[in-house]
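**Student:** Sequence plus predicted model, see below.
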Amino acid sequence: MLLGAAVALLGVAAPAAAHGGDVVISLGTDGEGGVSANLTWKLDGHPVEEAADVSVTAQSAAGQTVGPLTLSSASEGVGWYTSEPGVLAEGNWTLTATITHPSEATASAQVDVVPLPEPAPHADDEAAAGAEDGAASTGAEDDAAAADGSGTADEEPTGGGAGVWIAVAVVAVLLLAGGYVVVRRRSRAAAADESSDGKPRSLTSTSAR
(Lines give C-alpha, C1' and ligand atoms only; values in the text may rest on other atoms or scores of the structure.)
Protein backbone atom coordinates (compact mmCIF):
# COMPACT_ATOMS: atom_id res chain seq x y z
CA MET A 1 0.00 0.00 0.00
CA LEU A 2 2.72 2.47 1.03
CA LEU A 3 4.89 1.40 -1.88
CA GLY A 4 2.06 2.03 -4.30
CA ALA A 5 1.49 5.51 -2.86
CA ALA A 6 5.20 6.35 -3.20
CA VAL A 7 5.23 5.22 -6.81
CA ALA A 8 2.15 7.32 -7.48
CA LEU A 9 3.81 10.42 -5.98
CA LEU A 10 6.94 9.88 -8.05
CA GLY A 11 4.83 9.51 -11.14
CA VAL A 12 3.14 12.87 -10.46
CA ALA A 13 6.39 14.72 -9.72
CA ALA A 14 8.37 13.31 -12.63
CA PRO A 15 6.69 15.29 -15.43
CA ALA A 16 7.11 18.57 -13.52
CA ALA A 17 10.82 17.99 -12.93
CA ALA A 18 11.61 16.65 -16.37
CA HIS A 19 12.89 19.25 -18.87
CA GLY A 20 14.49 19.05 -22.25
CA GLY A 21 14.10 20.13 -25.80
CA ASP A 22 14.61 23.60 -27.14
CA VAL A 23 15.65 26.59 -25.03
CA VAL A 24 14.18 30.04 -25.63
CA ILE A 25 16.61 32.97 -25.19
CA SER A 26 14.99 36.33 -24.42
CA LEU A 27 17.38 39.30 -24.78
CA GLY A 28 17.18 42.84 -23.42
CA THR A 29 19.06 45.58 -21.59
CA ASP A 30 19.30 46.43 -17.92
CA GLY A 31 18.69 50.15 -18.40
CA GLU A 32 22.37 51.05 -17.88
CA GLY A 33 23.88 49.85 -21.17
CA GLY A 34 24.21 46.26 -20.01
CA VAL A 35 22.90 43.11 -21.71
CA SER A 36 20.47 40.68 -20.06
CA ALA A 37 19.25 37.25 -21.14
CA ASN A 38 16.54 34.97 -19.78
CA LEU A 39 16.56 31.23 -20.56
CA THR A 40 13.37 29.17 -20.48
CA TRP A 41 12.33 25.77 -21.77
CA LYS A 42 10.17 26.04 -24.88
CA LEU A 43 8.12 23.01 -23.89
CA ASP A 44 6.71 24.30 -20.59
CA GLY A 45 8.10 27.86 -20.18
CA HIS A 46 9.96 26.99 -16.98
CA PRO A 47 13.29 28.71 -16.33
CA VAL A 48 16.42 26.76 -17.21
CA GLU A 49 17.94 25.77 -13.88
CA GLU A 50 21.08 24.22 -15.34
CA ALA A 51 24.13 26.46 -15.68
CA ALA A 52 24.49 27.77 -19.22
CA ASP A 53 27.28 29.45 -21.15
CA VAL A 54 25.60 32.50 -22.68
CA SER A 55 27.66 34.45 -25.24
CA VAL A 56 26.34 37.69 -26.77
CA THR A 57 27.61 39.85 -29.64
CA ALA A 58 26.19 43.33 -30.18
CA GLN A 59 26.30 45.48 -33.32
CA SER A 60 25.08 49.07 -33.42
CA ALA A 61 23.24 50.79 -36.25
CA ALA A 62 26.40 52.88 -36.79
CA GLY A 63 28.47 49.74 -37.39
CA GLN A 64 30.14 49.42 -33.97
CA THR A 65 30.62 45.87 -32.68
CA VAL A 66 30.86 44.81 -29.04
CA GLY A 67 31.66 41.30 -27.91
CA PRO A 68 31.41 38.46 -27.79
CA LEU A 69 30.43 38.97 -24.13
CA THR A 70 30.08 36.10 -21.68
CA LEU A 71 27.10 36.73 -19.42
CA SER A 72 27.09 35.76 -15.75
CA SER A 73 24.30 34.27 -13.66
CA ALA A 74 22.29 37.13 -12.16
CA SER A 75 20.57 37.58 -8.83
CA GLU A 76 17.24 38.41 -10.48
CA GLY A 77 16.31 34.73 -10.43
CA VAL A 78 16.80 31.33 -12.01
CA GLY A 79 17.59 31.47 -15.72
CA TRP A 80 18.71 35.12 -15.71
CA TYR A 81 22.13 36.20 -17.03
CA THR A 82 23.62 39.69 -17.31
CA SER A 83 26.77 41.48 -18.49
CA GLU A 84 28.61 44.31 -16.79
CA PRO A 85 26.69 47.62 -16.94
CA GLY A 86 27.67 50.21 -19.53
CA VAL A 87 29.00 47.86 -22.23
CA LEU A 88 26.65 49.38 -24.82
CA ALA A 89 26.62 53.05 -25.75
CA GLU A 90 23.48 55.03 -26.51
CA GLY A 91 21.76 53.96 -29.72
CA ASN A 92 20.08 51.06 -31.50
CA TRP A 93 21.76 47.65 -31.20
CA THR A 94 21.25 44.18 -32.66
CA LEU A 95 22.04 41.46 -30.11
CA THR A 96 22.89 37.88 -31.04
CA ALA A 97 23.12 35.26 -28.28
CA THR A 98 24.23 31.63 -28.42
CA ILE A 99 24.35 28.81 -25.86
CA THR A 100 25.78 25.29 -26.13
CA HIS A 101 24.53 23.84 -22.84
CA PRO A 102 22.15 22.41 -21.73
CA SER A 103 21.17 22.50 -25.41
CA GLU A 104 22.28 24.50 -28.41
CA ALA A 105 20.27 27.64 -29.15
CA THR A 106 20.64 30.97 -30.91
CA ALA A 107 18.52 34.12 -30.71
CA SER A 108 18.64 37.70 -31.99
CA ALA A 109 16.88 40.88 -30.89
CA GLN A 110 17.03 44.63 -31.42
CA VAL A 111 17.23 46.90 -28.40
CA ASP A 112 17.50 50.65 -27.86
CA VAL A 113 19.86 52.05 -25.26
CA VAL A 114 18.72 55.46 -24.02
CA PRO A 115 20.14 57.66 -21.24
CA LEU A 116 18.40 57.29 -17.93
CA PRO A 117 16.14 60.22 -16.99
CA GLU A 118 17.35 62.29 -14.07
CA PRO A 119 15.30 61.64 -10.94
CA ALA A 120 12.97 64.44 -9.91
CA PRO A 121 14.10 66.21 -6.74
CA HIS A 122 12.15 65.29 -3.62
CA ALA A 123 10.49 67.90 -1.44
CA ASP A 124 12.92 67.10 1.37
CA ASP A 125 15.89 67.63 -0.95
CA GLU A 126 14.49 70.97 -2.13
CA ALA A 127 13.91 72.06 1.47
CA ALA A 128 17.45 71.05 2.41
CA ALA A 129 18.86 72.91 -0.59
CA GLY A 130 16.83 76.00 0.35
CA ALA A 131 18.09 75.82 3.92
CA GLU A 132 21.69 75.55 2.69
CA ASP A 133 21.19 78.57 0.38
CA GLY A 134 19.67 80.55 3.26
CA ALA A 135 22.54 79.65 5.56
CA ALA A 136 25.07 80.62 2.90
CA SER A 137 23.29 83.96 2.33
CA THR A 138 23.16 84.66 6.07
CA GLY A 139 26.84 83.83 6.40
CA ALA A 140 27.71 86.18 3.54
CA GLU A 141 25.68 88.99 5.13
CA ASP A 142 27.37 88.39 8.48
CA ASP A 143 30.79 88.52 6.84
CA ALA A 144 29.89 91.77 5.07
CA ALA A 145 28.62 93.28 8.32
CA ALA A 146 31.78 92.20 10.12
CA ALA A 147 33.91 93.73 7.36
CA ASP A 148 31.96 97.03 7.58
CA GLY A 149 32.34 97.08 11.37
CA SER A 150 36.05 96.45 11.08
CA GLY A 151 36.41 99.26 8.55
CA THR A 152 34.50 101.69 10.81
CA ALA A 153 36.60 100.68 13.78
CA ASP A 154 39.75 101.23 11.77
CA GLU A 155 38.60 104.65 10.63
CA GLU A 156 37.55 105.89 14.09
CA PRO A 157 41.07 106.05 15.58
CA THR A 158 42.25 108.00 12.52
CA GLY A 159 39.45 110.54 12.84
CA GLY A 160 39.95 110.85 16.61
CA GLY A 161 43.71 111.35 16.18
CA ALA A 162 43.12 114.13 13.66
CA GLY A 163 40.75 115.84 16.08
CA VAL A 164 43.32 115.66 18.87
CA TRP A 165 46.00 117.18 16.66
CA ILE A 166 43.66 119.97 15.61
CA ALA A 167 42.80 120.69 19.25
CA VAL A 168 46.49 120.77 20.18
CA ALA A 169 47.22 123.17 17.31
CA VAL A 170 44.39 125.49 18.36
CA VAL A 171 45.60 125.52 21.98
CA ALA A 172 49.16 126.25 20.83
CA VAL A 173 47.96 129.17 18.69
CA LEU A 174 45.95 130.55 21.60
CA LEU A 175 48.92 130.24 23.94
CA LEU A 176 51.19 132.01 21.48
CA ALA A 177 48.66 134.78 20.99
CA GLY A 178 48.23 135.20 24.75
CA GLY A 179 51.99 135.36 25.27
CA TYR A 180 52.32 137.98 22.58
CA VAL A 181 49.65 140.16 24.21
CA VAL A 182 51.33 139.87 27.63
CA VAL A 183 54.70 140.85 26.16
CA ARG A 184 53.16 143.87 24.42
CA ARG A 185 51.52 144.98 27.61
CA ARG A 186 54.72 144.63 29.57
CA SER A 187 56.64 146.58 26.92
CA ARG A 188 54.13 149.40 27.04
CA ALA A 189 54.25 149.54 30.87
CA ALA A 190 58.06 149.72 30.86
CA ALA A 191 58.01 152.54 28.29
CA ALA A 192 55.54 154.47 30.38
CA ASP A 193 57.73 154.14 33.47
CA GLU A 194 60.81 155.39 31.62
CA SER A 195 58.91 158.39 30.30
CA SER A 196 57.68 159.37 33.76
CA ASP A 197 61.19 159.09 35.27
CA GLY A 198 62.83 161.35 32.64
CA LYS A 199 60.40 164.26 33.03
CA PRO A 200 59.57 166.29 36.18
CA ARG A 201 56.26 165.57 37.58
CA SER A 202 53.79 168.44 37.75
CA LEU A 203 53.00 169.71 41.25
CA THR A 204 49.52 170.50 42.19
CA SER A 205 49.12 173.36 44.59
CA THR A 206 46.40 173.48 47.02
CA SER A 207 45.34 176.45 49.02
CA ALA A 208 44.73 176.16 52.60
CA ARG A 209 41.70 177.71 53.90
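**Tutor:** Looks like it came in fine.
**Student:** Now do the domain split for the protein, please.
**Tutor:** Domain assignment for the chain, taken from automatic domain parsing, gives 19-113, 118-187.
**Student:** which stretch in these has the least confidence?
**Tutor:** In terms of average pLDDT, domain 118-187 trails the rest of the domains of the chain, at a mean of 63.
**Student:** now the strands for this protein?
**Tutor:** For the chain, applying DSSP state E gives strands covering 23-29, 35-41, 54-60, 65-70, 72-73, 80-82, 91-99, 105-113.
**Student:** Put together a markdown table for these, with distance to residue 173 on each row.
**Tutor:** Glycine gets a C-beta too; all of them are placed from N, C-alpha and C. A markdown table is the format used below for the strands of the chain (distance: least, Cβ to Cβ, whole Å):
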| stretch | distance to residue 173 |
| --- | --- |
| strand 23-29 | 95 |
| strand 35-41 | 98 |
| strand 54-60 | 96 |
| strand 65-70 | 97 |
| strand 72-73 | 100 |
| strand 80-82 | 98 |
| strand 91-99 | 92 |
| strand 105-113 | 92 |
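**Student:** Can you add mean neighbour count and give those strands back as a markdown table?
**Tutor:** Compiled in a markdown table, the strands of the chain are given as follows (neighbours: other Cβ atoms under 10 Å):
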| stretch | mean neighbour count |
| --- | --- |
| strand 23-29 | 19 |
| strand 35-41 | 22 |
| strand 54-60 | 20 |
| strand 65-70 | 15 |
| strand 72-73 | 12 |
| strand 80-82 | 21 |
| strand 91-99 | 19 |
| strand 105-113 | 15 |
